[in-house]
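Engineer: Sequence plus the predicted model coming up.
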Amino acid sequence: MNPKIKRLLPILGPGWVVMMADLDAPSVITAIQSGIQFKAHLIIFLVILIIPLYLVQDTASRIGAVTHKTLGELMTSNFGHRWTISAVGGAAIIDFAAYLAEFAGISIAALIIGIPIILAIIAVVVIHTLIIATGSYKKIEFFLVSIGMLLFLFVVIDFFFKPQNVHLEDFLPFVPTSSFYYLIAANIGAVIMPWMLFYHQAADVDRGLKIEDMKRESRGTLLGAIISEVLMISIVVFSWKLAESGFTSNNSVMDVANALKGVMGQAGPIIFAVAIGVAGFLAMFVISMSMSYAISDAMKWKGTFNKKITEQKGFYALYLLEIVPAGALTLIFSNLIEVALDVMVLSSIALVLPLMVVIRIASNEKIMGRYKIGRIKTVSLYIIMIISAALGLFSILQFI
């Protein structure tokens, strides 16, 4: 194995996985609409979002490494079980909607390639279940890291577009329209979602992350945050170039694939379909694991993916209760991808409660000891929380 790759592998842990899963099907739709509607105006904003993305996820990871407890367990022990139920309940609603969007993205990817939707969904459910049921978090993580590499196919698409008609004013991060603010809120929701917090911390616990591993995990989280936004920007770029060529379709992934065929030939739709299918597939793992962790905490179970199904039937049943209904609904309703942007905006609001808990725990010396976060980082996280919720609420009010 290449020595550079060998040195890189140890940092591709939960932080890297959750960042790659951050680029899910709704995020892809958000990036496509950002490029089609506003060219490169949101690119600078996406670069800036690397900072809050890293700060929030690194803080969640720190809590897991220091306390060896999940977010739900810490909520119950420090703030009362009602906090856990409230945070998990709100996150579960948003996450189920996101789950539907992931299935819808996978379904459209299947149609682009020519695979019947029902076969694609059955295959996803079966493969998903077999991987989850291995009884080893590290095996699951290795699989997720491996398939996540296929997301770089989005970057491959950019190489087929020549940089023509690029002007400095295209990159100004401001357009005075309500839809611009709506997409800003959607991009914030696409960057930091409630399930990411629940997953990252619980996965660190399941992986057995120790205090001495924090720096390594922090590097993986930072690298993942940068790469995740680079991938989002790559989608904005080819969507922007398609718009300049006359493409104006609204929220139609199939139309994007057809437009890419005109630029890239037969390979275009296939590359795009594989990339968006993997985006949805990877995110489904993280969402299902996140909700299994969170709901088991709300029910005061001690769930882990390091045990077989026979050892904790209830915990794995939670997973099946999420994925099976979502798959069935996708077969009934074919236009679920349209909920993607709304899910992203609502995520920016639903983030408030779990993020507030993360901040309060991470800054509490009694819980974190000498590993508590400092005042500057605490204030920064509160600012991120307030801006996220305010933009989401403002965007919703614009369309009422």
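Structural biologist: Ah, there it is.

Engineer: which stretches of the chain have low pLDDT?
Structural biologist: 1-11, 163, 166-167, 174-176, 178, 189-190, 248-252, 333-345, 395-400 (pLDDT under 70).

Engineer: Could you pull up the residues touching the closest residue to residue 15 other than its chain neighbours?
Structural biologist: In this structure, residue 15 finds its nearest non-sequential neighbour in residue 221, 3.2 Å apart by CB to CB, 6 or more residues apart in numbering. In this view, the C-beta of every residue, glycine as well, is placed from N, C-alpha and C. Contact analysis of residue 221 by CB atoms under 8 Å, 6 or more residues apart in numbering lists 15-16, 18-19, 54, 57-58, 61, 200.

Engineer: Apply 6 Å and report the result again.
Structural biologist: 15, 57-58 (CB atoms under 6 Å, 6 or more residues apart in numbering).

Engineer: Keep only those of these that are in helices.
Structural biologist: With DSSP state H as the criterion, helices contain 15, 57-58 from among these.

Engineer: Among these, which one sits closest to residue 169?
Structural biologist: residue 57 (33.2 Å; CB to CB).

Engineer: Can you name the residues that contact that closest one?
Structural biologist: 200, 221.

Engineer: change it to 10 Å
Structural biologist: Shown in contact with residue 57 (CB atoms under 10 Å, 6 or more residues apart in numbering): 14-15, 18-19, 22, 191-192, 196-197, 199-201, 217-218, 221-222, 224-225, 358.

Engineer: Tell me where the stretch 101-250 of the chain has helices.
Structural biologist: All helices of the stretch 101-250 of the chain, identified by DSSP state H, counting those that start in this stretch, fall at 117-132, 137-148, 153-158, 178-191, 194-207, 214-244.

Engineer: mind putting these in JSON lines, distance to residue 71 included?
Structural biologist: Below are the helices of the stretch 101-250 of the chain laid out as JSON lines (distance: least, CB to CB, whole Å):
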{"stretch": "helix 117-132", "distance to residue 71": "20"}
{"stretch": "helix 137-148", "distance to residue 71": "17"}
{"stretch": "helix 153-158", "distance to residue 71": "30"}
{"stretch": "helix 178-191", "distance to residue 71": "19"}
{"stretch": "helix 194-207", "distance to residue 71": "5"}
{"stretch": "helix 214-244", "distance to residue 71": "16"}
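
Engineer: Relative to residue 44, which of those is closest?
Structural biologist: Closest among those, using CB to CB: helix 214-244, at 9.8 Å.

Engineer: quick one: buried residues of the closest one?
Structural biologist: By 16 or more other CB atoms under 10 Å, the buried positions in helix 214-244 come out as 214, 217-225, 227-244.

Engineer: how far out from the middle of the chain is that helix?
Structural biologist: Between the centre of helix 214-244 and the centre of its chain there are 12 Å (CA atoms, centre = their mean, to the nearest Å).

Engineer: angle of that helix against helix 137-148?
Structural biologist: 30 degrees (axes from the mean of the first three to the mean of the last three CA atoms, to 10 degrees).

Engineer: next SSE after helix 214-244?
Structural biologist: helix 253-264 (DSSP states H and E).

Engineer: for that next one, packing partners?
Structural biologist: Secondary-structure packing of helix 253-264 (3 or more CB pairs under 10 Å, 6 or more residues apart in numbering; DSSP states H and E): helix 25-38, helix 81-113, helix 153-158, helix 214-244, helix 267-298.

Engineer: buried residues in it?
Structural biologist: 253, 256-261, 264.

Engineer: What residues sit buried inside stretch 70-80?
Structural biologist: By neighbour count on 16+ other CB under 10 Å, the buried set for stretch 70-80 is 70-76, 78-79.

Engineer: Just the C-alphas of that stretch, formatted as PDB.
Structural biologist: Extracted C-alpha coordinates of stretch 70-80, given in PDB (Å, rounded to 0.1, in the frame of the first residue of the first chain):
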ATOM      1  CA  THR A  70     -24.000   9.300  23.600                       C
ATOM      2  CA  LEU A  71     -25.700  12.700  23.300                       C
ATOM      3  CA  GLY A  72     -29.000  11.200  24.500                       C
ATOM      4  CA  GLU A  73     -27.400   9.700  27.600                       C
ATOM      5  CA  LEU A  74     -25.800  13.000  28.500                       C
ATOM      6  CA  MET A  75     -29.000  14.900  27.900                       C
ATOM      7  CA  THR A  76     -30.900  12.600  30.300                       C
ATOM      8  CA  SER A  77     -28.200  12.600  33.000                       C
ATOM      9  CA  ASN A  78     -27.600  16.400  33.000                       C
ATOM     10  CA  PHE A  79     -30.800  18.000  31.800                       C
ATOM     11  CA  GLY A  80     -33.500  15.500  32.400                       C
END
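
Engineer: returning to what we had before: deepest-packed of the helices and strands packed on helix 253-264, please.
Structural biologist: Most buried of the helices and strands packed on helix 253-264 by mean neighbour count (mean count of other CB atoms under 10 Å) is helix 25-38; its value is a mean of 27.

Engineer: For it, which helices and strands make contact with it?
Structural biologist: Using 3+ CB pairs under 10 Å, 6+ apart, helix 25-38 sits against helix 43-48, helix 81-113, helix 178-191, helix 214-244, helix 253-264, helix 267-298, helix 340-350.

Engineer: mind listing what the residue nearest to residue 109 when sequence neighbours are not counted touches?
Structural biologist: With sequence-adjacent residues excluded and distances taken as CB to CB, 6+ apart, residue 109 is closest to residue 277, at 3.4 Å. Contact analysis of residue 277 by CB under 10 Å, 6+ apart lists 25, 102, 105-110, 112-113, 115, 120, 124, 150.

Engineer: right, and out of those, which lies closest to residue 297?
Structural biologist: Among the contacts of residue 277, and counting by CB to CB, the member closest to residue 297 is residue 102, at 22.6 Å.

Engineer: Please tell me how far the residue nearest to the closest one when sequence neighbours are not counted sits from residue 181.
Structural biologist: Residue nearest to residue 102 in three dimensions, not counting chain neighbours: residue 280, with 3.9 Å by CB to CB, 6+ apart. Using CB to CB, to the nearest Å, we find residue 280 at a distance of 27 Å from residue 181.
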